[in-house]
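**Student:** 3D, please:
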Amino acid sequence: MKRIIIHSDINHCYAQIEEMLHPELRNVPMAVGGSEEKRHGIILAKNDLAKAANVKTGESLREAKRKCPGLVIVHPDYDAYIYYTEKIKDIYRKYTDRVESFGLDEAWVDVTDSQKLFGDGIELARRIQDEVYETYGITVSMGVSFNKIFAKLASDLLKHKGFVVITEEDFREELWPLPAEDLLLVGRRTTKKLAEMRIFTIGDLAAASPERLQRRFGIMGVLLWNYANGLDTSEVHLCGYERPVKSIGNSKTVVHDIVSIAQLREVFRVLSESIAARLRMDHLRCSRISIHVRSTELKTKGCQRKLERFTDLASDILDNAMILVGRLGLEEISLRSVGIQVSGLAAGMNFDQGDLFMDADAIDRQRRTEQVLYDIRVRYGYDACRMASSQVDSTLTDFDPLGLLHHVHPVGYLEGPIRNS
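**Tutor:** Next up is the predicted model:
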């Protein structure tokens, strides 16, 4: 039986859900966006009327309003988005146990075996698409193909309840003329490097020497060659599958510029507390830390270091973050956003591995203290218990990273350290 893989994509997801909840928004140009005051002033999604005014996802609210003075801005309601996207995926799960989320608004659905119960897979995909619309009034684009990569590509070809089928017989004709950057995992830097090799289309990539691609990109080059030739055999994961956590990080675009090391330390303190809490929730400890800082001129610096021992303590993360700050040689600083990430994760460690000079009792006391702080914040709110030093400039540290972290962008397709480059 031939594989039938669907990739579904909820069209301008956030905006559609807002229109479903507030039908009057369908009659005005509307966009979901953040707060200009808190420097989250970008367009996250827009409806068709805003799109007609050339409002674009990712641009600033100020620029969007310049193009469309009557633009209505709705602040994001992530709880609603999570709830309704899961309800939509519940429709997919009625027909198969292989539904793999790719961010909130996208999912792969394998209906290969479902054909034994529900008939032809392509017709089943149409049935699912119609059921979503009839149930919630939400349009989804469907790409149907024999592998995940081409299904994803197909769903991007036609929006507004688009339905595109790519088969083993016609993929060369349909997909090879498309730009190489349309292929999943081909980012801007990879596109530039491919162009230097005179590879501009998916067909060019398919016809290239895999050995040459491997020399240029390593294992990623071979993967891209396979994908361009339709050789993706990866499975759609079963419902409930979770990718192993490779790293945990938080970043923050601050309300006003960070202009001193003391201010930077307090923002890093809040981020460190959040990361440590997430490590403990997942029963993980980290052995490497990295930081990045972005100036008001949008120049980014970063560095990393290996820790002396595995840890899940906010105090350790903060201390090492500040060591890295020292390595960056920051003097007169003016920072717009900062972030911390930990990696080298290990699970199931119920002891502290150290040396003869390690004070195990002190570490245990610190861990219990941090856990108590976390428990208080969960029960009474993040503001119920804060460090006094963070209140020196409370506008900088007035954010709750322990709240539900909403990922606007999808998680990485590949399991492991490979990223779009």
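**Student:** Only C-alpha atoms from now on, for both contacts and neighbour counts.
**Tutor:** Noted.
**Student:** So what touches the one helix or strand Tyr133 maps to?
**Tutor:** Under the criterion of DSSP states H and E, Tyr133 resides in helix 121-136. For helix 121-136, the surrounding residues in contact (Cα atoms under 8 Å, 6 or more residues apart in numbering) are 4, 6, 20, 88, 91-92, 111-112, 114-115, 118, 138-142, 144, 161, 163, 165.
**Student:** Are any of the residues you listed buried, and if so which?
**Tutor:** The neighbour-count test (16 or more other Cα atoms under 10 Å) applied to the contacts of helix 121-136 identifies 4, 6, 88, 92, 111-112, 114-115, 138-142, 144, 161, 163, 165 as buried.
**Student:** Sitting in helices, which of these do you find?
**Tutor:** Judged by DSSP state H, the buried ones among the contacts of helix 121-136 include Ile88, Tyr92, Gln115 as members of helices.
**Student:** JSON lines please, covering those and showing distance to Gly221.
**Tutor:** Shown next, in JSON lines, are these (distance: Cα to Cα, whole Å):
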{"residue": "Ile88", "distance to Gly221": "35"}
{"residue": "Tyr92", "distance to Gly221": "33"}
{"residue": "Gln115", "distance to Gly221": "35"}
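**Student:** I'd like to know which of these is nearest to Arg305.
**Tutor:** Arg305 lies nearest to Ile88 out of these, by Cα to Cα, at 42.6 Å.
**Student:** Now do the contacts for the closest one.
**Tutor:** Contacts for Ile88 (Cα under 8 Å, 6+ apart) come out as Val132.
**Student:** Now that we're looking at it, what pLDDT does it have?
**Tutor:** pLDDT, Ile88: 97.
**Student:** Could you check how far it is from Val144?
**Tutor:** For Ile88, the distance to Val144 equals 18 Å [Cα to Cα, to the nearest Å].
**Student:** Repeat that for His283.
**Tutor:** For His283, the distance to Val144 - Cα to Cα - is 39 Å.
**Student:** quick one on the thing from earlier: tell me the buried residues in the helix holding Tyr133?
**Tutor:** For helix 121-136, by 16+ other Cα under 10 Å, it's Gly121, Ile122, Leu124, Ala125, Ile128, Gln129, Asp130, Glu131, Val132.
**Student:** For those, give me CSV that also has distance to Pro179 and pLDDT.
**Tutor:** Output for these, formatted as CSV (distance: Cα to Cα, whole Å; pLDDT from 0 to 100):
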residue, distance to Pro179, pLDDT
Gly121, 28, 96
Ile122, 26, 96
Leu124, 30, 97
Ala125, 27, 97
Ile128, 30, 97
Gln129, 28, 97
Asp130, 31, 97
Glu131, 33, 97
Val132, 31, 97
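**Student:** residue contacts, the residue nearest to Met30 when sequence neighbours are not counted?
**Tutor:** In space, and not counting its chain neighbours, Met30 is closest to Val72: 4.6 Å by Cα to Cα, 6 or more residues apart in numbering. Contact analysis of Val72 by Cα under 8 Å, 6+ apart lists Val28, Pro29, Met30, Ala31.
**Student:** Of the residues you listed, which is the most crowded?
**Tutor:** Ala31 (33 neighbours; other Cα atoms under 10 Å).
**Student:** Need the three-state assignment for that one.
**Tutor:** strand (DSSP: H, G, I helix; E, B strand; the rest coil).
**Student:** any idea how far it is from Glu174?
**Tutor:** Distance from Ala31 to Glu174, by Cα to Cα: 33 Å.
**Student:** now do Met142
**Tutor:** Where Glu174 is concerned, Met142 sits at a distance of 16 Å (Cα to Cα).
**Student:** what does Ala45 give?
**Tutor:** 29 Å.
**Student:** ok, now Glu100?
**Tutor:** 25 Å.
**Student:** now Glu106
**Tutor:** Using Cα to Cα, we find Glu106 at a distance of 22 Å from Glu174.
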